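Engineer: Give me a model of this one.
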Amino acid sequence: MHFDLKKTDASSNARAGILHTDHGDIATPIFMPVGTVGSVKAVHQHELVSDIDAEIILGNTYHLYLRPGMDILKEAGGLHSFMNWSRPILTDSGGFQVFSLADNRKITEEGCKFKSHIDGSRHMFTPENVVDIQRVIGSDIMMAFDECPPGESPYPYAKKSMELTHRWMDRCMKRFYETEPLYGNQQALFPIVQGCKYPELRRISAEHAASHDAVGYAIGGLAVGEPTEVMYQMIEIVNAILPTDRPRYLMGVGTPANILEAIERGVDMFDCVMPTRNGRNGMLFTWNGTVNIKNKKWETSFLPIDPSSPAAADREYTYAYLHHLIKSEELLGLQIASIHNLTFYLSLVRSARQHILDGDFTSWKASVLPNLMKRV
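Structural biologist: Numbers count the residues shown, from 1 in each chain. Below you'll find the model as predicted:
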């Protein structure tokens, strides 16, 4: 697995590259639909390929570990085989989910003890077994186990948390090199940069992550309560330190505007539940801004959702029909809205990539950003 950096924008840090994996090449910048439990909510795998053309999806170690469980995934031959998905998969380590349990977990040097949100059973994640679990899942890109502190954490807590993340990172990397993939495809392990909203800590964490000769690196602990401008500042600090010839993955971010701003600052990979979650709640992302399809104004709009979209649902169904489905709480409405939003997000990053290659990314971004931030 390796990354080819094809071009960097002349007037910003925006980059276009290709990440080569055994399950296919990924053209960056890229957005990864979130398939937490081995399924992108309300979207069939066939549609992920034929309509959305998702080059990679994300699964979650915490959820897959609890259900269906490692025995079933191993017997199935890994997540690719289990869900009939032949393209790349990235797995989050489960750290964010475990630490969001708050009253149902206990952090120690060894790892994190937690109660299942499903049945209350007790479990333990360590840097070592999180690597082992991701070996069983068989994801192409694995994440190191980290602690994700709240965005407004005080400096002493953020520093202590970061230092623990670094010790866990070292243990994860050691375990990774001691073990082998189970299903024949190469796997990569990305260290995660933490440090909350503090520039000094972000620099230290980026340097520690960069000391590991990893295929790529992740930036965690952002979009968790800190102001947007602080997030952008932290991205700039981290990307000035991380190797330029490796992909940078910004975890859990975000809005279309967030994505373009992060691309401009040198981020290559994104994931977020926003396109599917907001879609299921009636919000559509478009090049003209966000649309609340529940509003009465769409009740008699018989225009196709997006006649130029590669997604069949966008071309074949109208705003009025989707308004009716969402208001009626019909499952097809959730499906159409989710497909539309994911198609738009992939169109956004692919357009950004093309303008990086064409050499006019900065002016293109300035021209589209005001509309993306509007409500229609």
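Engineer: doesn't Lys174 make contact with Val131?
Structural biologist: No: with contact taken as C-beta atoms under 8 Å, Val131 and Lys174 are classed as non-touching, separated by 9.1 Å. For the C-beta atoms, the positions are set from N, CA and C on the backbone; glycine is no exception.
Engineer: who has more neighbours, these two?
Structural biologist: More neighbours sit around Val131 than around the other of Val131 and Lys174, counting by other C-beta atoms under 10 Å; the figures are 26 against 13.
Engineer: what sits against the more buried one?
Structural biologist: With contact taken as C-beta atoms under 8 Å, 6 or more residues apart in numbering, Val131 is in contact with 142, 145, 172, 175-176, 179, 189.
Engineer: So which of the residues you listed is the closest to Lys327?
Structural biologist: Met142 (41.7 Å; C-beta to C-beta).
Engineer: Distance check, the closest one against Gly225.
Structural biologist: Relative to Gly225, Met142 is positioned 27 Å away (criterion: C-beta to C-beta, to the nearest Å).
Engineer: Neighbour count for these two, which is higher?
Structural biologist: Met142 (25 against 13).
Engineer: In a strand, the more buried one, correct?
Structural biologist: Yes: the assignment for Met142 by DSSP: H, G, I helix; E, B strand; the rest coil puts it in a strand.
Engineer: you'd agree it is up against Gln187?
Structural biologist: Yes: taking contacts as C-beta under 8 Å, Met142 lies within contact range of Gln187: 5.8 Å.
Engineer: joint contacts of those two?
Structural biologist: Listed contacts common to Met142 and Gln187 are 134-135; contacts here mean C-beta under 8 Å, 6+ apart.
Engineer: Show me the shaky parts of this protein.
Structural biologist: By pLDDT under 70, the weakly predicted segments of the chain are 99, 102.
Engineer: Apart from its neighbours in sequence, what residue is nearest the spatially most central residue of the chain?
Structural biologist: What sits nearest the mean C-alpha location of the chain, by C-alpha atoms, centre = their mean, is Asp271, with 2.0 Å. Leaving aside its sequence neighbours, Asp271 sits nearest to Met32 (C-beta to C-beta, 6 or more residues apart in numbering; 4.3 Å).
Engineer: what about the one you found, neighbour count?
Structural biologist: Using other C-beta under 10 Å, Met32 has 25 neighbouring residues.
Engineer: What of Val34?
Structural biologist: Other residues within reach of Val34 by the criterion other C-beta under 10 Å amount to 23.
Engineer: wait, isn't it in contact with Cys272?
Structural biologist: Yes: in this structure, Val34 sits in contact with Cys272. The criterion is C-beta under 8 Å, and the distance is 7.0 Å.
Engineer: ok, so what distance separates the residue nearest to Asp271 from Lys174?
Structural biologist: The gap separating Met32 from Lys174 is 27 Å, by C-beta to C-beta.
Engineer: Check Ile305 too.
Structural biologist: Computed with C-beta to C-beta, the distance linking Ile305 and Lys174 is 50 Å.
Engineer: go on, Leu182?
Structural biologist: Summarising the geometry, the distance separating Leu182 from Lys174, computed by C-beta to C-beta, is 19 Å.
Engineer: next one: Arg135
Structural biologist: Summarising the geometry, the distance separating Arg135 from Lys174, computed by C-beta to C-beta, is 14 Å.
Engineer: just the helices in the stretch 101-250 of the chain please.
Structural biologist: Using DSSP state H, counting those that start in this stretch, the helices found in the stretch 101-250 of the chain span residues 127-137, 155-178, 199-210, 228-239.
Engineer: For the third one, list every residue counted as buried.
Structural biologist: By neighbour count with 16 or more other C-beta atoms under 10 Å, helix 199-210 contains the buried residues 201-206, 208-210.
Engineer: Many thanks, we can stop here.
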